[in-house]
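Q: Please find the sequence and the predicted model below.
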Amino acid sequence: MEEDIITTRLKDTSAACATALEAWLKDKKDFKSRSELQESVHELRKVASRMEIEMAISERDEMTQKPIPIPSHRDSQKRGGDKNDNRGNRAPKSEGGQTLKPRSASPRKSAPKKASDGND
């Protein structure tokens with residue numbers, strides 16, 4: 001039933017849009033023909049939106065009948081984490097199990113300047 005209504009609306013709105021386009025192409029300066037074309041394009045978009053909604057509903061109904069398979073790239077991954085893989089941005093651990101801290105970059109200290117006695 002709904003399919004018949006959508007089909008009828010699509011045929012009617014596309015015919016009206018084609019007629020409005022022809023009228024506008026004859027006189028592009030005519031405000032009335034331009035506004036009628038805009039209105040018919042808007043109606044055509046509404047019909048297209050209704051079709052997309054019906055398609056989404058149909059896909060949803062089909063998906064609820066079938067179990068969703070696990071994608072192959074997810075299925076083939078290891079289930080347990082390797083302590084050396086550093087997944088999830090975990091900090092690497094030393095052999096004793098302690099988390100290694102990055103060394104801080106401290107500025108290098110220069111040797112103290114010698115006092116000049118003027119004999120350089």
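A: Here it is on my side, so go on.
Q: quick check, W24 in a helix?
A: Yes - assessed with DSSP: H, G, I helix; E, B strand; the rest coil, W24 lies in a helix.
Q: what bits of this protein have low per-residue confidence?
A: 1, 64-68, 74-120 (pLDDT under 70).
Q: Return the distance of R34 relative to P71.
A: Distance check for R34 against P71: by C-beta to C-beta, to the nearest Å, it reads 49 Å. To be clear about C-beta, it is placed using only N, CA and C from the backbone, and glycine gets the same treatment.
Q: who has more neighbours, those two?
A: For the pair R34 and P71, the greater number of neighbours falls to R34 (15 against 8), based on other C-beta atoms under 10 Å.
Q: who touches that one in this structure?
A: Shown in contact with R34 (C-beta atoms under 8 Å, 6 or more residues apart in numbering): 24, 28.
Q: Name the secondary structure element that contains it.
A: Per DSSP states H and E: R34 is located in helix 31-65.
Q: mind listing what's buried in that helix?
A: 33, 36-37, 40, 43-44, 47 (16 or more other C-beta atoms under 10 Å).
Q: Quick check: nearest residue in space to S14, chain neighbours excluded?
A: Distances taken as C-beta to C-beta, 6 or more residues apart in numbering place L44 nearest to S14, at 6.4 Å, with adjacent residues excluded.
Q: for the buried residues of helix 31-65, which one is nearest T7?
A: For the buried residues of helix 31-65, the residue nearest T7 by C-beta to C-beta is V47; the value is 9.7 Å.
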